[in-house]
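**Student:** Below is the sequence, then the predicted model.
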Amino acid sequence: MKIIVIGGGWSGCAAAVTAKKAGADVTIFEKTDMLLGLGNVGGIMRNNGRYTASEELIALGAGDLIKLTDENSLHKDIEFPGHEHAWLYDVNRIESEVSEYLLGMGIKLRLSSRVVNVKKDKDTIKGIYLSDGSYEEGDVFIETTGTTGPMGNCLRYGNGCSMCVLRCPAFGPRISISQRAGIEDLKGERADEVYGAFSGSCKLSKESIDKDIIDELEEKGVVVVKIPDEDINLDKLKIKVCQQYALKEFAENIVLLDTGHAKLMTSYYPLDKLRKIKGFEHAKYIDPYAGGKGNSIRYLAITPRDNTMKVKGIDNLFCAGEKAGLFVGHTEAICTGSLAGNNAVRLFKGKELIVLPNETVIGDIINFSNQRFLEENDKKSRFTFAGSVYFNRMKELGLYTIDKEVIKKRIENLGLTDIFNKEV
C-alpha cells in the first residue's frame, strides 16, 4: 500500500503522519529543498479558535505536529490586536525538527523533486512523472501543492515576483496535479473578478531594527508601533489573504511578532516609508525580499473535493491545505491533511471514509467552507479558526473553548478518541 504525498507543507506532512500511522508506506515529494513551505516564515499557532482545533487534533490522535510547534515555541499565550493566547514557534528551527520526526517514523522524503504530470487509466491515477523524467507508481495520491506561485501568477495578479521562501525561479513553478489529472482548478477572489490575494505578512531582519525594539519584542513576543498619519493605508487591508488580520489596527500600526525573525503583520510596506519610523531607519526584509513592494499571490488553484478530502472526479486522489479550499493557516492545513492521510488508507483498504462531524470544529470548518465556496459560490471569504467569518461561527455555535478537558470530552463522546492514531 503505497501512498504518495505531493507537496511537503504543513498539510502534506500531516497527511504523511496519519497515513503512516494507518499502516501505509508513505513518500513525500517536495519540489524545494525544505519541508513546510510557508511554514518556514509563518510561526503563529493556537491563536483564537486555533487553540480549540489544536486540542481536537491531539484528542483525535493527530497532534504530532502541534506538539512539535509547542515544543519549539518562543512565546506562549501572548496577545496582539484581535488575537488572544497565541503561541509563536521558532521558524528557524521548526523545519529540521519536523524533517527529523518524519524520518523517524519511516516516512520517505524526496526533496528537490518536482512532480510535473500524472499517468492515468480512466479516472484512476497510476503514477507521477517528475521533472527529471523519472516515474513513480502509487496506490493513492494526496495533493498538497498549495496555491502560491508560480511566478506567473504573482506577475499577473500581484506586484510581480516577490522572491519569497518558495523560490520558484530556483526550484521550478508549482504544478496543479489535479489539473494535470483533468480536474479544472477554481480560483478565489479578493474583489469581483480580481483573482488571488496577497500573503499576509513579511519578515524583517532583527539585526536591522533598533535594539530597544528588539529587546521588547524578544521579551514580550509582540511590539506595536504607531504609523505616521500620512502613511496609513486602510485600503490595503482589502488585499490580504488573512482576513483575521484585516483590522484597522494593522493599518494604523506596525505590529511585530517574534517568530525568530521580526514578523511584520502586513502584506507589504514600502521600505522608504518604513525607514521613516523611529527604530526602523535601517530595516531590511528577509522574506519576501520584495516586501517593500509586494508579496506572494495565493488562492488560484483550488480543487473541488468532498468532506472526506477526496477530489471529485478522480478515484484515488485526495487534497488538503489551501488546495482544498479558501483556508488560511498552519493549523487549518494540519487539520485537513490529517483527515486526508487517514482516508487515503481507508480508501485503499475498502473501508468507509471518515467525515468528521459538525460537532467538531475541524469537521464543521471542512463542511462550512465547502458549502460556502462550492454551493454558494462565495469566492471572497477566507476560512480560519483564528478570525473573520469562521471564528464568529465557532463562537455562535458554542464550539470555541480553550478548556482542554471539555475538548477532550467532546471527542470522546463522539467516539473519535485517537482515531487517527491507529492502524486502519
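**Tutor:** Noted; the coordinates are in hand. Remember, it's a predicted structure, so these values are computed and weren't measured experimentally.
**Student:** alpha carbons only for contacts and neighbour counts from here, please
**Tutor:** Fine.
**Student:** Cross-check the contact I'm expecting between A19 and L347.
**Tutor:** No. Using Cα atoms under 8 Å as the test, A19 is too far from L347 to be in contact (11.2 Å).
**Student:** neighbour count winner among those two?
**Tutor:** Between A19 and L347, counting by other Cα atoms under 10 Å, A19 is the more crowded of the two (33 against 18).
**Student:** just checking, that one is part of a strand?
**Tutor:** No. Per DSSP: H, G, I helix; E, B strand; the rest coil, A19 lies outside any strand segment and is helix.
**Student:** Quick check: nearest residue in space to G321, chain neighbours excluded?
**Tutor:** A333 (4.2 Å; Cα to Cα, 6 or more residues apart in numbering).
**Student:** ignore the last one, A62
**Tutor:** In space, A62 is closest to F420, 5.7 Å off (Cα to Cα, 6+ apart).
**Student:** Name all residues that make contact with the one you found.
**Tutor:** Contacts for F420 (Cα atoms under 8 Å, 6 or more residues apart in numbering) come out as T18, K21, A22, L60, G61, A62, S338, N342.
**Student:** circling back: can you pull the contacts of the residue nearest to G321?
**Tutor:** Each residue near A333 by Cα under 8 Å, 6+ apart is listed here: W10, S11, A14, A320, G321, E322, F327.
**Student:** ok, it to C164 distance?
**Tutor:** 19 Å (Cα to Cα, to the nearest Å).
**Student:** Same question for A53.
**Tutor:** A53 is 28 Å from C164, where distance means Cα to Cα.
**Student:** Which neighbours do A19 and L347 have in common?
**Tutor:** By Cα under 8 Å, 6+ apart, no residue touches both A19 and L347.
**Student:** Need the three-state assignment for the residue nearest to A62.
**Tutor:** Following three-state DSSP, F420 is assigned to helix.
**Student:** Can you give me the distance of it to V17?
**Tutor:** To V17, F420 is 9 Å away according to Cα to Cα.
**Student:** any common contacting residues for those two?
**Tutor:** A62, S338.
**Student:** what does the model give the residue nearest to A62 for pLDDT?
**Tutor:** pLDDT for F420: 98.
**Student:** Which one of A53 and C164 is surrounded by more residues?
**Tutor:** Between A53 and C164, counting by other Cα under 10 Å, A53 is the more crowded of the two (26 against 20).
**Student:** secondary structure class for L57?
**Tutor:** Under three-state DSSP, L57 comes out as helix.
**Student:** what's around the residue lying closest to it once chain neighbours are set aside, how many residues?
**Tutor:** In this structure, L57 finds its nearest non-sequential neighbour in G63, 5.0 Å apart by Cα to Cα, 6+ apart. Other residues within reach of G63, judged by other Cα under 10 Å, total 23.
**Student:** Please apply the same query to N367.
**Tutor:** 18.
**Student:** ditto for D192
**Tutor:** For D192, using other Cα under 10 Å, the count is 9.
**Student:** Domain map for this structure?
**Tutor:** Listed domain ranges for the chain are 2-76+88-196+297-421, 199-287 (source: automatic domain parsing).
**Student:** Name the stretch among those that sits most buried.
**Tutor:** domain 2-76+88-196+297-421 (a mean of 21; mean count of other Cα atoms under 10 Å).
**Student:** The stretch 101-250 of the chain: strands as residue ranges?
**Tutor:** For the stretch 101-250 of the chain, the strands defined by DSSP state E, counting those that start in this stretch cover 108-110, 115-121, 124-130, 135-137, 140-143, 189-191, 194-195, 197-198, 202-204, 222-226.
**Student:** The stretch 251-400 of the chain now?
**Tutor:** Secondary structure of the stretch 251-400 of the chain (DSSP E, counting those that start in this stretch): strands at 253-258, 262-264, 285-287, 297-298, 317-319.
**Student:** can you redo these as CSV with distance to N159?
**Tutor:** Shown next, in CSV, are the strands of the stretch 251-400 of the chain (distance: least, Cα to Cα, whole Å):
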stretch, distance to N159
strand 253-258, 21
strand 262-264, 18
strand 285-287, 15
strand 297-298, 9
strand 317-319, 29
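**Student:** K380: which of those is closest?
**Tutor:** Closest of the strands of the stretch 251-400 of the chain to K380 is strand 297-298, at 12.3 Å (criterion: Cα to Cα).
**Student:** packing partners for the closest one?
**Tutor:** For strand 297-298, the elements it packs on are helix 151-157, strand 197-198, judged by 3 or more Cα pairs under 8 Å, 6 or more residues apart in numbering; DSSP states H and E.
**Student:** Would you single out the least confident of the ones you listed?
**Tutor:** strand 197-198 - the lowest mean pLDDT of the helices and strands packed on strand 297-298, at a mean of 91.
**Student:** Where is the longest helix in this structure?
**Tutor:** Criterion DSSP state H: the longest helix present in the chain is helix 330-348.
**Student:** how about that helix as PDB, C-alpha atoms only?
**Tutor:** Backbone C-alpha positions of helix 330-348 (Å, rounded to 0.1, in the frame of the first residue of the first chain) are rendered in PDB as follows:
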ATOM      1  CA  HIS A 330      -0.900  26.200   9.500                       C
ATOM      2  CA  THR A 331      -3.500  24.600  11.900                       C
ATOM      3  CA  GLU A 332      -6.100  24.500   9.200                       C
ATOM      4  CA  ALA A 333      -3.600  22.800   6.900                       C
ATOM      5  CA  ILE A 334      -2.700  20.200   9.500                       C
ATOM      6  CA  CYS A 335      -6.400  19.500  10.200                       C
ATOM      7  CA  THR A 336      -7.300  18.900   6.500                       C
ATOM      8  CA  GLY A 337      -4.100  17.000   5.900                       C
ATOM      9  CA  SER A 338      -4.600  14.700   8.900                       C
ATOM     10  CA  LEU A 339      -8.100  13.700   7.600                       C
ATOM     11  CA  ALA A 340      -6.800  13.200   4.000                       C
ATOM     12  CA  GLY A 341      -4.000  10.900   5.100                       C
ATOM     13  CA  ASN A 342      -6.200   8.600   7.100                       C
ATOM     14  CA  ASN A 343      -8.900   8.500   4.500                       C
ATOM     15  CA  ALA A 344      -6.300   7.600   1.800                       C
ATOM     16  CA  VAL A 345      -5.600   4.400   3.600                       C
ATOM     17  CA  ARG A 346      -9.200   3.700   4.200                       C
ATOM     18  CA  LEU A 347      -9.900   4.100   0.500                       C
ATOM     19  CA  PHE A 348      -7.200   1.600  -0.400                       C
END
